[in-house]
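Colleague: Just the structure for this:
(chains A, B, C and D)
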There are 4 protein chains.
Amino acid sequence: MNNAKPEEIVLGNLVSAVQMLQNCAEFSLLVPEVRVNLVYALPGAKTADEVAAVDGRITVVQGFPHASGLPGWGASDHMARLIIEVRKYDPAVNAGINFKCDKEVIEVVKKYCSERDILFGWIDRTREPNEVAEQDRSSIPWKIKQLETNYGGIPKLFYEGEGWGKEPLFVALGIDAVEVAGIAIEIAQRYRQRPG
Amino acid sequence: MNNAKPEEIVLGNLVSAVQMLQNCAEFSLLVPEVRVNLVYALPGAKTADEVAAVDGRITVVQGFPHASGLPGWGASDHMARLIIEVRKYDPAVNAGINFKCDKEVIEVVKKYCSERDILFGWIDRTREPNEVAEQDRSSIPWKIKQLETNYGGIPKLFYEGEGWGKEPLFVALGIDAVEVAGIAIEIAQRYRQRPG
Amino acid sequence: MNNAKPEEIVLGNLVSAVQMLQNCAEFSLLVPEVRVNLVYALPGAKTADEVAAVDGRITVVQGFPHASGLPGWGASDHMARLIIEVRKYDPAVNAGINFKCDKEVIEVVKKYCSERDILFGWIDRTREPNEVAEQDRSSIPWKIKQLETNYGGIPKLFYEGEGWGKEPLFVALGIDAVEVAGIAIEIAQRYRQRPG
Amino acid sequence: MNNAKPEEIVLGNLVSAVQMLQNCAEFSLLVPEVRVNLVYALPGAKTADEVAAVDGRITVVQGFPHASGLPGWGASDHMARLIIEVRKYDPAVNAGINFKCDKEVIEVVKKYCSERDILFGWIDRTREPNEVAEQDRSSIPWKIKQLETNYGGIPKLFYEGEGWGKEPLFVALGIDAVEVAGIAIEIAQRYRQRPG
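Modeller: Residues are numbered from 1 along each chain as shown, chains lettered A, B, ... in the order given. Model prediction:
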């Protein structure tokens, strides 16, 4: 299998990641209102069309996480552009997943990061200048720049706080989709077992 | 077919409504970030378990609206409770659907309502008292009360403006799921053909 | 809900039946090579377009029965025509389901029928005259006539034996889709628990 | 992407192949009663668990080919074992797809093969010895041996004629899933446009 195309490696890794998530009932608890985007960018991707994502996002059906469609190119916009932007600072990042953010999830993720020695971060959307928020394309560069400035690097796990008209969301970044799905699953299992 | 169960009538009407939406590519343009809830409440429903909804919500796959799962009981929480609350003021309402809300959709819906002589409304979430917003269960009664107070009845088409951490959303109400899907489709077609 | 349309009652009953089947892992064992058709005919249906069926049939995904699409009109041909033909002899039949047929299933169904006092039957395809088998539309009337002739009525559970190029299949008939799904589930549970 | 796992290359290639098929309405015409299996074996695969296939097979929903589930390991039995057996004679084969076989498809495929200089074959199931047919595991080796003996190699396109209780089926073999999907699509397009 020497002549493997990067496109197929990306799609196959996404399928493996989706299977992991679909078998993890606990992850249903972390599906946010906007549903889950799981994305994986080709090397050197410049536009969302070079980033593969689960078409229709991952939702919850019959109590289990459920991919609405197959992984495909250009199936995500926001998360795809976020990965492309992150790579300007950290070229090792290829994939990302988002999930629910509330006070309890924040506690679980903070503890997870401190145990694993993972850099944890957050973006305060209330500090986003009006002229940035009003232009659709300028919001992501501002957010990633904030992370870089505040943490001296891009945290592998961070959340975007609530914004005006915007649900707060966690993002996990990693080398591939299987890695970020694995992180999300570990957090879901801890969240499920939390006391209280 | 004299002995039809209300449960089956509700589920069958939802299937018909979903088929209408799935065949309407334009409706993809009105799928909001939180995806579409389509719900239909049993007569006298008191809890979300007596309201049927599309399991996993309606998302977009391969460019078309796509129901992630079958209609089922208890598959929606927020929209289900909203219908139950609306019925305290207008018992003729059984079903509802939500869809994307932005400046252009607002213009399209306003024009649609004025042509059809339909009462149009909106809820200003910035007026929601803190003590209401903080309690998950008190927000919906406050919203529906606002509509009743401001419009002298519950508008069949209204939107909830942006909130802190909340996407703005339109809601269409009606007698059954086929009626509200039909309204949403007409609005999608007008939105698709808008100038500019 | 006085003005319920027969179409919606049929679709809603099919949804309920599909939910029952999807929750029954054992039924996976009875999914035949040709997959499962589940159909429900409108009163007085004359063509397959007046018979609703699960679009794409019911298959097995992740070990559970899975409806490929929603119930819809004209989604089955063979089973739809079979129900229409059966009604010429037994107007109380509206719905049917097919499932796997092998020696063990035959034993399970025979025992089930004798305990429940249900008429059991089978169609010997080797007796089908060549001129019947060659004409697509004449095969079903011949089969149902065989049942009527051999059993003095249409058995609620019968199988079509192997044919040339044809998988053997069981069929359960009933008043609605929920009834036939319930029968299929009971047989699946007995089949699952059989000794050996 | 140097460290690509063979598993991911296989799954990703299957996703690409499924997307091709799902976008080809004509291929619906070639979906047989038993639905379509699309499989891709790992290098050196010895059991069906080392062969990936579309979970739940490919069926037809809303008039288009539709993969019921994601590609996964062990999701096919018969086609998986067929590929493993073929490789004993032709190690370059990794993937296969089956599709409908009738007189008209046979004519289309024969013409396609003669134009492309592809070896065409068929297996006469009426010649299968009883002791072979009765043992589930001995049927495939007999069939592939027949092909080798009759054609001096394994044809890339062949059909298995009708058998007792068995639908006739075409099989296309190739290096990967994208190749065999491409062949099936070309045949579907020719079949769609055939005169008469």
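Colleague: in chain A, what secondary structure element scores lowest on mean pLDDT?
Modeller: Every helix and strand of chain A was ranked by mean pLDDT, DSSP states H and E. The lowest is helix A:130-133, at a mean of 77.
Colleague: measure whichever residue of chain A sits closest to chain D to D:Y40 for me?
Modeller: Closest to chain D within chain A is A:G12: 3.0 Å, counting by C-beta to the nearest C-beta. C-beta here means a position set from N, CA and C on the backbone, and glycine is covered the same way. The gap separating A:G12 from D:Y40 is 10 Å, by C-beta to C-beta, to the nearest Å.
Colleague: Next, show the common contact partners of the two.
Modeller: Shared contacts of A:G12 and D:Y40 (C-beta atoms under 8 Å, 6 or more residues apart in numbering or on different chains): D:V10, D:N13, D:L14.
Colleague: my read: the second one touches A:E7, true?
Modeller: No - between D:N13 and A:E7 there is no contact under C-beta atoms under 8 Å: 9.3 Å.
Colleague: what about these two, which has more around it?
Modeller: D:N13 (29 against 16; other C-beta atoms under 10 Å in any protein chain shown).
Colleague: so where does the more buried one fall, helix or strand?
Modeller: helix D:6-22 (DSSP states H and E).
Colleague: repeat for A:A52
Modeller: According to DSSP H and E, A:A52 maps onto strand A:51-54.
Colleague: Around chain D, pick out the residues from chain A.
Modeller: Applying C-beta under 8 Å from any C-beta of the partner chain, we find that chain A lies next to chain D at A:1, A:4-16, A:18-19, A:22, A:43, A:67, A:70-72.
Colleague: Setting aside sequence neighbours, what's the nearest residue to A:R57?
Modeller: A:R35 (3.9 Å; C-beta to C-beta, 6 or more residues apart in numbering or on different chains).
Colleague: gap between the one you found and A:L11?
Modeller: 20 Å.
Colleague: Neighbour count: the two, which is higher?
Modeller: A:L11 (29 against 22).
Colleague: where exactly do the strands run in chain A?
Modeller: In chain A, the strands defined using DSSP state E lie at A:38-41, A:51-54, A:58-61, A:64-67, A:71-73, A:95-100, A:120-123, A:157-160, A:169-174.
Colleague: out of those strands, which comes closest to A:I144?
Modeller: strand A:120-123 (8.7 Å; C-beta to C-beta).
Colleague: ok, that closest one near chain B or not?
Modeller: No - using C-beta under 8 Å from any C-beta, strand A:120-123 stays clear of chain B, with a minimum separation of 13.7 Å.
Colleague: Okay, now the sheet partners of that strand, with direction.
Modeller: strand A:157-160 (parallel) (DSSP bridges).
Colleague: what's A:I118 in contact with, if anything?
Modeller: A:Y112, A:P155, A:K156, A:L157.
Colleague: A:W164 pairs with what?
Modeller: Residues in a beta bridge with A:W164, per DSSP bridges, are B:W164.
Colleague: Wait, it touches B:W164, no?
Modeller: Yes - the pair A:W164 and B:W164 qualifies as a contact (C-beta under 8 Å) at a distance of 6.6 Å.
Colleague: rewinding a little: is the least confident helix or strand of chain A in proximity to chain B?
Modeller: No - Helix A:130-133 does not reach chain B (C-beta under 8 Å from any C-beta); its nearest approach is 11.6 Å.
Colleague: From A:W142, how far off is the residue nearest the centre of chain A?
Modeller: Centroid-nearest residue in chain A, with C-alpha atoms, centre = their mean: A:I97, separated by 2.3 Å. Distance of A:I97 to A:W142, given as C-beta to C-beta: 22 Å.
Colleague: can you redo the contacts of A:I118 as a markdown table with neighbour count and pLDDT?
Modeller: Output for the contacts of A:I118, formatted as a markdown table (neighbours: other C-beta atoms under 10 Å in any protein chain shown; pLDDT from 0 to 100):
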| residue | neighbour count | pLDDT |
| --- | --- | --- |
| A:Y112 | 17 | 98 |
| A:P155 | 22 | 98 |
| A:K156 | 21 | 98 |
| A:L157 | 23 | 98 |
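Colleague: low pLDDT regions in chain A?
Modeller: A:1-2, A:136, A:196 (pLDDT under 70).
Colleague: what does it put close to chain C?
Modeller: Residues of chain A lying near chain C by C-beta under 8 Å from any C-beta: A:Q22, A:Q62.
Colleague: residues from chain A in reach of chain B?
Modeller: A:33-35, A:55-57, A:59-62, A:66, A:68-69, A:162-168.
Colleague: In ChimeraX, select just the buried ones from those residues.
Modeller: Buried subset of those, written as a ChimeraX selection, criterion 16 or more other C-beta atoms under 10 Å in any protein chain shown:
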select /A:33,34,35,55,56,57,59,60,61,62,66,68,69,162,163,165,166,167,168
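Colleague: follow-up on the earlier one: so how far is the helix holding D:N13 from its chain's centroid?
Modeller: 15 Å (C-alpha atoms, centre = their mean, to the nearest Å).
Colleague: what helices or strands is it leaning on?
Modeller: Using 3 or more C-beta pairs under 8 Å, 6 or more residues apart in numbering or on different chains; DSSP states H and E as the contact test, the elements touching helix D:6-22 are helix A:6-22, strand D:38-41, strand D:51-54, strand D:64-67, strand D:71-73, helix D:177-192.
Colleague: Just the CA coordinates for the last one, please, in PDB.
Modeller: When you say that, I think you mean helix D:177-192. Provided in PDB are the C-alpha atoms of helix D:177-192 (Å, rounded to 0.1, in the frame of the first residue of the first chain):
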ATOM      1  CA  ALA D 177     -12.800  -0.200  -3.900                       C
ATOM      2  CA  VAL D 178     -12.600   3.000  -6.000                       C
ATOM      3  CA  GLU D 179     -11.600   0.900  -9.100                       C
ATOM      4  CA  VAL D 180     -14.500  -1.600  -8.700                       C
ATOM      5  CA  ALA D 181     -17.000   1.200  -8.000                       C
ATOM      6  CA  GLY D 182     -15.800   3.000 -11.100                       C
ATOM      7  CA  ILE D 183     -16.400  -0.200 -13.200                       C
ATOM      8  CA  ALA D 184     -19.800  -0.700 -11.700                       C
ATOM      9  CA  ILE D 185     -20.800   2.900 -12.500                       C
ATOM     10  CA  GLU D 186     -19.700   2.600 -16.100                       C
ATOM     11  CA  ILE D 187     -21.800  -0.500 -16.500                       C
ATOM     12  CA  ALA D 188     -24.800   1.200 -14.800                       C
ATOM     13  CA  GLN D 189     -24.500   4.100 -17.200                       C
ATOM     14  CA  ARG D 190     -24.400   1.800 -20.200                       C
ATOM     15  CA  TYR D 191     -27.300  -0.200 -18.800                       C
ATOM     16  CA  ARG D 192     -29.300   2.900 -18.300                       C
END
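Colleague: which parts of it are buried?
Modeller: D:177-188, D:190-191.
Colleague: helices or strands next to it in the packing?
Modeller: Counting by 3+ C-beta pairs under 8 Å, 6+ apart, helix D:177-192 packs on helix D:6-22, strand D:38-41, strand D:95-100, helix D:103-116, strand D:169-174.
Colleague: ok, and what's touching it?
Modeller: D:10, D:13-14, D:16-18, D:20-21, D:24, D:26-27, D:29-30, D:38-40, D:95-97, D:99, D:104-105, D:108-109, D:111-112, D:156-157, D:172-174.
Colleague: buried subset of the residues you listed?
Modeller: Counted by 16+ other C-beta under 10 Å, the contacts of helix D:177-192 give D:10, D:13-14, D:16-18, D:20-21, D:24, D:26-27, D:29-30, D:38-40, D:95-97, D:99, D:105, D:108-109, D:112, D:156-157, D:172-174 as buried.
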